[in-house]
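[1] Sequence first, then the predicted structure:
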Amino acid sequence: MFLIKPFQTKKGYYIYSVYLNQFFKITKKIYSQIKYLQENKIGDTKKLPFIKEFEKMGILVYANPKKLIFENSENIEKILNTSLEQLTLNITEECNLRCRYCIYSGKFPYFRTHSTKKMNLDIAKKAILYFLERTDKDKPPVIGYYGGEPLLNFNLIKETVFFIREHYKGILNLHITTNGTCLTKEIIKFLVDNNIHIAISLDGPRSIHDRYRIFRNGRGSFDSIIKNLKMIREIDETYYKTKISFQPVFAPPYKYKEVFEFFENKELFENAHFFRAGHVSLRDSKIELEPYNNKEKTNDIRYFVSKAIEYILSKPNNYNKLYEQIFMKDLVNLYTRYQGAVIHVNEFMHVPGICFPGKRRLFVDCNGYFHICEKVEPTIPIGNVEKGFDFEQIKGIINEYLKLSEEECLNCWAIRLCRICFYSVIRGGKLDAEYKKFNCEIERRRLLNNFILYFTILEKKPEVFSEYENVEIL
């Protein structure tokens, strides 16, 4: 068989050849023929006229991969004992906010709710030592503090930072994910003195941020954050410019125009260190969303796409870190992707998307249990601070993933670009095949939209992505 995905922009017709991981421009006639074949599920295509054209163009690769495999699965224990990248300590389940879209709000099944539980120093020390003994020696390790609101357990942060400095003498990155409302002069001075990066949750202007990010009494948190940002800048402007990042979460109604205009504010955000933006998770949730009609949604999407095109075409004369993260990352990944045939395509294909559980971001909860990362529901622990990694559990999770994914993945046009991971598969304490299929459809839609946007831009300015030849957008 051969796998291809046809798509069109306003100006052209294209196919994506899966086994080559390449794009080709085609005629409208061929595009229509392919669409007809696929929509009518006609499988025997070798006698069709355009097939010879495809073969001349070198865009057809016939293959029949028999197996889906997890790369380096035979080395799981070695990799997890020598190559850990980041440790995230969930040092408290307590939070002073009650954000309406929070996964710990009680609106998401399978996730914990807010409590007063805190991680103790003994668990934190054991987790830190276990991690530091197994880090990748070629990369500075990262240790992060997570909650709840981690600054509500500030004493543990102080004690563990001193502990880390005592036991690790190399370059190391420390960071805290915070809602930004609990910062005081004492805390800021400690953060500055210890070169700790902080990621602040800020969704946009007051009218947007305060819709969902509220205190227990229902009051919005925007004013508290802005006051604290100004305090940080007054205490140490260099720290403000280099160690503060912002994490806006887009929630319906998205109102991209208002959010983008807010973050273009040069006074507060011109030198912002880094943005990591995302959309609120609606999976299985019972979040009470603001009213959002189809007209508003259509207008939001059109504005987002037009802003992306406007920004990208203005480069390299224009630069904005928020736009780099939300507009450029996926498109640059398309531009810099590996192109070429898979040499083992008739034997197997590598499973896309999923990581080594615990390698990239080992998440440790208040009780000392290990989890794949902070995004995956905490129903399938992969070890604990007393016994370390549970390698049999980890291998079982990987094997189960391969088993439920193999047939669909091997026949999917998105297999080489897909970013589906355990987050999109684990539900209710198990790997759920139906839930994965639901998320796979969302992922295919995301990729197809990126294909169309990518070529819409290339049609206008073919060289626009060349500056990213050897650049990774985090």
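    Perfect, I can see it now. On a predicted model such as this, the values are computed, not experimentally measured, just so you know. Numbers count the residues shown, from 1 in each chain.

[2] Between the two ends of stretch 192-210, how far is it?
    Distance between the two ends of stretch 192-210: 28 Å, counting by C-alpha to C-alpha, to the nearest Å.

[3] Which of the residues in that stretch are classified as buried?
    For stretch 192-210, a neighbour-count test (16 or more other C-beta atoms under 10 Å) marks 192, 196-205, 208-210 as buried. In short, each C-beta sits where N, CA and C put it, glycine included.

[4] What is the nearest of the residues you listed to residue 109?
    Taking C-beta to C-beta as the measure, residue 109 lies nearest residue 201 of these, at 23.0 Å.

[5] how about the closest one, phi and psi?
    Main-chain torsions, residue 201, degrees, to the nearest 10: phi -80, psi 110.

[6] quick one: it and residue 397, what's the gap?
    Applying C-beta to C-beta, to the nearest Å, the value for residue 201 to residue 397 is 30 Å.

[7] The buried residues of stretch 192-210 into TSV, with extra columns for distance to residue 87, secondary structure and pLDDT?
    Compiled in TSV, the buried residues of stretch 192-210 are given as follows (distance: C-beta to C-beta, whole Å; DSSP: H, G, I helix; E, B strand; the rest coil; pLDDT from 0 to 100):
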residue	distance to residue 87	secondary structure	pLDDT
192	22	helix	98
196	14	coil	97
197	15	strand	96
198	17	strand	96
199	16	strand	96
200	21	strand	96
201	21	coil	96
202	25	coil	96
203	27	coil	96
204	31	coil	95
205	35	coil	96
208	33	helix	97
209	30	helix	97
210	33	helix	98
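
[8] Taking those residues together, which two end up most distant?
    Farthest pair in the buried residues of stretch 192-210 (C-beta to C-beta) is 192 and 208. Separation: 29.6 Å.

[9] In terms of secondary structure, what does the helix of greatest length in the chain contact?
    Using DSSP state H to define each element, the chain has its longest helix at helix 433-460. The contact analysis (3 or more C-beta pairs under 8 Å, 6 or more residues apart in numbering; DSSP states H and E) places helix 433-460 against strand 4-8, strand 13-17, helix 294-313, helix 329-335, helix 391-410.

[10] quick one: which of these is nearest residue 352?
    Of all those, helix 391-410 sits nearest to residue 352, with 7.3 Å by C-beta to C-beta.

[11] Name the residues of that closest one that are buried.
    Neighbour count says helix 391-410 has 394, 397, 398, 400, 401, 402, 404, 405, 406, 409, 410 buried, by 16+ other C-beta under 10 Å.

[12] Setting aside sequence neighbours, what's the nearest residue to the last one?
    Meaning residue 410. Of all residues not flanking residue 410 in the chain, residue 65 sits nearest, at 5.3 Å (C-beta to C-beta, 6 or more residues apart in numbering).

[13] How about the fourth one?
    The spatially closest residue to residue 400, leaving aside those adjacent along the chain, is residue 431, at 4.9 Å (C-beta to C-beta, 6+ apart).

[14] low pLDDT regions in this protein?
    The chain contains residues with pLDDT under 70 at 1-2, 41-50, 57-62, 273-274, 316, 340-346, 468-474.

[15] Go ahead and flag the most central residue of it.
    In the chain, the residue lying closest to the centroid (C-alpha atoms, centre = their mean) is residue 278, at 7.8 Å.

[16] Mind listing the residues bridging to it?
    Bridge pairing for residue 278 (DSSP bridges) gives the partners residue 249.

[17] quick one, what contacts it?
    By C-beta atoms under 8 Å, 6 or more residues apart in numbering, the contact list for residue 278 reads 247, 248, 249, 250.

[18] How much space separates it from residue 249?
    Applying C-beta to C-beta to residue 278 and residue 249 gives a distance of 6 Å.

[19] now do residue 401
    28 Å.

[20] same check, this time on residue 365
    Remark: distance between residue 365 and residue 249 (C-beta to C-beta) = 22 Å.

[21] Looking at those two, which one has more neighbours?
    Set residue 365 next to residue 249 and count neighbours by other C-beta atoms under 10 Å: residue 365 wins out with 23 against 20.

[22] Tell me what the closest residue to the more buried one other than its chain neighbours is bridged to.
    Of all residues not flanking residue 365 in the chain, residue 90 sits nearest, at 4.8 Å (C-beta to C-beta, 6+ apart). In this entry, residue 90 is beta-bridged to residue 146, by DSSP bridges.

[23] Tell me which other helices or strands the strand or helix carrying residue 77 touches.
    For residue 77, the host element (DSSP states H and E) is helix 76-82. Using 3+ C-beta pairs under 8 Å, 6+ apart, the elements in contact with helix 76-82 are strand 388-389, helix 391-410.

[24] ok, the closest residue to residue 352 other than its chain neighbours - contacts?
    Using C-beta to C-beta, 6+ apart and skipping residues adjacent in sequence, the residue nearest residue 352 is residue 418, 4.0 Å away. By C-beta under 8 Å, 6+ apart, residue 418 lies in contact with 352, 353, 409, 412, 440, 443, 447.

[25] give me that answer again for 10 Å
    By C-beta atoms under 10 Å, 6 or more residues apart in numbering, the contact list for residue 418 reads 351, 352, 353, 354, 409, 412, 424, 440, 443, 444, 446, 447.

[26] Contact partners for residue 196?
    Here residue 196 is in contact with 143-145, 157, 161, 173-176, 187, 190, 239, 243 (criterion: C-beta under 10 Å, 6+ apart).

[27] If we use 6 Å, what do you get?
    Listed by C-beta atoms under 6 Å, 6 or more residues apart in numbering, the contact partners of residue 196 are residue 174.

[28] swap in the one 10 residues further on?
    Residue 206 is in contact with residue 222, counting by C-beta under 6 Å, 6+ apart.

[29] And residue 167, how far from residue 370?
    In this structure, residue 167 and residue 370 are 20 Å apart, going by C-beta to C-beta.

[30] Among the contacts of residue 418, name the buried ones.
    Using 16+ other C-beta under 10 Å as the burial test, those include 351, 352, 353, 354, 409, 412, 424, 440, 443, 444, 447 as buried.

[31] ok, now which ones touch the last one?
    I take that to be residue 447. Applying C-beta under 6 Å, 6+ apart, the residues near residue 447 are 414, 417.

[32] same thing with the fourth one?
    With contact taken as C-beta under 6 Å, 6+ apart, residue 354 is in contact with 421, 422.

[33] doesn't residue 223 fall inside a helix?
    Yes - assessed with DSSP: H, G, I helix; E, B strand; the rest coil, residue 223 lies in a helix.

[34] Dihedrals phi and psi, residue 85?
    phi -110, psi -40.

[35] Near it, how many other residues are there?
    Residue 85 has 18 neighbours, counted by other C-beta under 10 Å.

[36] Nearest residue to it in space, please, no chain neighbours.
    Among residues not flanking residue 85 along the chain, residue 360 sits closest, at 5.3 Å (C-beta to C-beta, 6+ apart).

[37] Could you measure from residue 431 over to residue 263?
    Distance from residue 431 to residue 263, by C-beta to C-beta: 38 Å.

[38] what does residue 156 give?
    32 Å.

[39] circling back: so can I have TSV of the buried residues of stretch 192-210 showing distance to residue 256?
    TSV is the format used below for those (distance: C-beta to C-beta, whole Å):
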residue	distance to residue 256
192	33
196	31
197	27
198	25
199	21
200	20
201	18
202	15
203	12
204	9
205	12
208	10
209	14
210	18
